[in-house]
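K.L.:
Fold the stuff below for me.
(chains A and B)
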Number of protein chains: 2
Amino acid sequence: MPPMYVNAASHYLPETTIANGYYTKLTGLTDEWIFKRSGIRTRSRAGAEENTNTMSVEAVKAATGRLPYPLGDVDLIVGATYTPYDTIATLAHAVQNHFPFRRARAISVSSACSSFLNALEIVEGYFATNKAHRAVVIASEHNSAYSDDMDKQSGHLWGDGAGAVFLSRERLTDMDLEILDLDTVGLGHIGHGMEAVHLRPNNGGLKMPLGREVFVHAIKYMVSEVERLLTKHGFTGQDIKHLIPHQANSRIISHLAASFGLRNGEMILNIGETGNTGCASTPIALSKNWDRFGRDKLIVLSVFGGGYSGGAMLMKR
Amino acid sequence: MPPMYVNAASHYLPETTIANGYYTKLTGLTDEWIFKRSGIRTRSRAGAEENTNTMSVEAVKAATGRLPYPLGDVDLIVGATYTPYDTIATLAHAVQNHFPFRRARAISVSSACSSFLNALEIVEGYFATNKAHRAVVIASEHNSAYSDDMDKQSGHLWGDGAGAVFLSRERLTDMDLEILDLDTVGLGHIGHGMEAVHLRPNNGGLKMPLGREVFVHAIKYMVSEVERLLTKHGFTGQDIKHLIPHQANSRIISHLAASFGLRNGEMILNIGETGNTGCASTPIALSKNWDRFGRDKLIVLSVFGGGYSGGAMLMKR
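P.N.:
A predicted model of the protein is given here:
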């Protein structure tokens, strides 16, 4: 792939967190039951005045002063969300409205929880055509705007938050992460992708009636898409220093760790505190662990989304 | 730009149309008043069982048998909508679910009424990185799912429908349209982009409180973005044989015609029958007029979207 570097990662998580006990009162699900099945103890919850757009602005703001170029150099803004505040004045437009990103292209995408990698792949294309040189990708989810706390199937799983990454076509600092490879796949044809997990703004919001099917496909494709990229580059699971998986469920993540023979400490986890923050989960995890990544250590990012979609990315500092 | 060809265009419009008289009964707006300000006599209206995803499938179905390659060759699906039925199982996933587009990437984008050109620009990027060779872009809008017929400001403007185009990196038949150039711009920083026209699924749906501002910016940027591309390629308004503008308002379209000195018959119009079908309006117009475009005649496509965003494209058969 053409050269592509992550110059900075930043994130925003709302102040409020909701503990499992809240759901025990509403639905009878206990802390133990929720934790055992999902790995979640608390989830982040946006405030009454917050939404996908405001959290995107906060995530970008968190990177201010940490970029090796002026914010005004950004010439491409790609937003990602399946929980939009506004589908016309999208989060990409809100970010352009708030920061000096003049004459930047602005797009928002949705491929559910794999949108972050779809957004990066779109940047890859704009870099390849020379239409952009500095890009920001913002993944933001306001799950609680569409989920139902009383829904025993999935109401307790969701968190709110946003993550942002800044990208360039050339290495700018020693802290940059080089993207070695990046690939996505649409899986609209497998299983019950149209029904298993869905967000229909006019028809019931965010639901996951077939959680077991999502679980099975997530494991299958998160493993196979990572393996495909590893093999392509002559790597094995032994070469992985950090695995950043989509934070949907700690049992899925444990399966991944076992599949790749990862030792403890190599799996990056934050679902316990934030819940499933959708397509924002991997950039938030990347941002939270930004200083941990050592030189020349292989970082693997793996996503899976409803609908379905999948994808994987290899990086090195 | 790298070589890029439109191999086929197709569309779907729901059977039902709503005449202006319907709104006269609801809101008191007369046929004459609506027609004078918008150019609209009727607008297409999706049925109770239809939505953005089903209309997308119908638009692709309409191309079946008209492609110079098997449908299974498609390796990239880009959907565009600001009126989603499902933001997780998006229209791109629904199309992949229905047709044999195996191992295709699937993405849906929203940049309001300019999403069709953003989607094509995303395809341009995937072609440039060699990640795709045959693509389908589907723009689908179900405005009536989010608009309010009682809203005197904009309730009477919206239509429902979907358009699709198939794209390749090389010329495949004499009927292909070559894309000479294609550009988009994000305009999140101008005017009251966050408020002027918006679709907030949880906060009032589709509204256009600042229609006058949208009108002024639409004229300004539809003219300037087309002029920029014409100048870049040594063309003037005199070289335009067919202008396909976003079908938002016939007065905007008349301004464009005057700006470019177009003679009668060169402007492609369908707003009178379909209303404003959002980002689907230009691919629907392209599909409806597919056989009219003569060899080596310059076709210009121009879009403007809420938020704001703009873009233009030059094509030749």
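K.L.:
Bridge partners for residue A:77, pull those for me.
P.N.:
For residue A:77, the beta-bridge partners under DSSP bridges are residue A:106, residue A:136.
K.L.:
Who are the contact partners of it?
P.N.:
A:92, A:95-96, A:101, A:104-107, A:135-136, A:138, B:186, B:188 (C-beta atoms under 8 Å, 6 or more residues apart in numbering or on different chains). For glycine as for every other residue, the C-beta is placed from the backbone atoms N, C-alpha and C.
K.L.:
for residue A:96, same thing?
P.N.:
A:77, A:104, A:106, B:186, B:187, B:188, B:189.
K.L.:
By proximity to chain B, which residue of the stretch 51-200 of chain A wins?
P.N.:
Closest to chain B within the stretch 51-200 of chain A is residue A:125: 1.6 Å, counting by C-beta to the nearest C-beta.
K.L.:
Please, which helix or strand holds that residue?
P.N.:
Using DSSP states H and E, residue A:125 falls within helix A:115-128.
K.L.:
need the residues of the stretch 201-317 of chain A near chain B, please.
P.N.:
A:201, A:202, A:203, A:206, A:305, A:306, A:307, A:308, A:309 (C-beta under 8 Å from any C-beta of the partner chain).
K.L.:
Kindly write the PyMOL command that selects the buried subset of those residues.
P.N.:
Selection of buried members from these for PyMOL, criterion 16 or more other C-beta atoms under 10 Å in any protein chain shown:
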select buried, chain A and resi 201+206+305+306+307+308+309
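K.L.:
May I ask which of the contacts of residue A:77 comes out lowest in pLDDT?
P.N.:
The lowest pLDDT within the contacts of residue A:77 belongs to residue A:101, with 88.
K.L.:
Am I right that it is in a strand?
P.N.:
No: counting by DSSP: H, G, I helix; E, B strand; the rest coil, residue A:101 falls outside a strand, being coil.
K.L.:
That one: what's its closest spatial neighbour, skipping adjacent residues?
P.N.:
residue A:74 (4.8 Å; C-beta to C-beta, 6 or more residues apart in numbering or on different chains).
K.L.:
And for residue A:288?
P.N.:
residue A:270 (6.3 Å).
K.L.:
Show the contacting residues for the one you found.
P.N.:
Residues counted as contacts of residue A:270 (C-beta under 8 Å, 6+ apart) are A:247, A:281, A:284, A:285, A:288.
K.L.:
From what I see, the second one and residue A:269 are in contact.
P.N.:
The reference is to residue A:281. No: assessed by C-beta atoms under 8 Å, residue A:281 is found out of contact with residue A:269, at 10.4 Å.
K.L.:
Enumerate the helices of chain A by residue range, in sequence order.
P.N.:
Here chain A has its helices, by DSSP state H, at A:20-27, A:31-38, A:52-61, A:91-98, A:115-128, A:211-232, A:250-259, A:271-274, A:281-288.
K.L.:
Please identify the most buried of those.
P.N.:
Counting by mean count of other C-beta atoms under 10 Å in any protein chain shown, helix A:91-98 has the highest mean neighbour count of the helices of chain A, with a mean of 28.
K.L.:
From the chain's centroid, how far away is that one?
P.N.:
Centroid separation between helix A:91-98 and its chain, computed with C-alpha atoms, centre = their mean, to the nearest Å, is 19 Å.
K.L.:
ok, so what distance separates the spatially closest residue to residue A:160 that is not a sequence neighbour from residue A:94?
P.N.:
Of all residues not flanking residue A:160 in the chain, residue A:46 sits nearest, at 4.1 Å (C-beta to C-beta, 6+ apart). Counting by C-beta to C-beta, to the nearest Å, the separation of residue A:46 from residue A:94 is 15 Å.
K.L.:
if we can go back for a sec, what is in contact with residue A:281 and residue A:269 at once?
P.N.:
Common neighbours of residue A:281 and residue A:269 (C-beta under 8 Å, 6+ apart) are residue A:247.
K.L.:
Tell me how far residue A:128 lies from residue A:232.
P.N.:
19 Å.
K.L.:
Count the residues that sit near residue A:160.
P.N.:
Residue A:160 has 31 neighbouring residues, counting by other C-beta atoms under 10 Å in any protein chain shown.
K.L.:
ok, it - contacts?
P.N.:
Contacts of residue A:160 (C-beta under 8 Å, 6+ apart): A:13-14, A:43-46, A:50, A:55, A:141-144, A:277.
K.L.:
By neighbours, which of those residues wins?
P.N.:
Highest neighbour count within those, by other C-beta under 10 Å: residue A:277, with 34 neighbours.
K.L.:
That residue against residue A:144, yeah?
P.N.:
No: in this structure, residue A:277 is not within contact of residue A:144 by C-beta under 8 Å, at 10.6 Å.
K.L.:
what sits in contact with each of these two?
P.N.:
Both residue A:277 and residue A:144 are in contact with A:158, A:160, where contact means C-beta under 8 Å, 6+ apart.
K.L.:
follow-up on the earlier one: extract the C-alpha trace of the helix holding residue A:125 and format it as CSV.
P.N.:
These are the backbone C-alpha positions of helix A:115-128, laid out as CSV (Å, rounded to 0.1, in the frame of the first residue of the first chain):
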residue,chain,number,x,y,z
SER,A,115,-16.3,1.9,10.0
PHE,A,116,-13.1,3.1,11.5
LEU,A,117,-11.1,0.9,9.1
ASN,A,118,-13.4,1.8,6.2
ALA,A,119,-12.7,5.4,7.0
LEU,A,120,-8.9,4.8,7.0
GLU,A,121,-9.2,2.9,3.7
ILE,A,122,-11.0,6.0,2.2
VAL,A,123,-8.1,8.1,3.4
GLU,A,124,-5.7,5.7,1.7
GLY,A,125,-7.6,6.3,-1.5
TYR,A,126,-7.5,10.1,-1.3
PHE,A,127,-3.7,9.9,-0.5
ALA,A,128,-3.2,7.6,-3.6
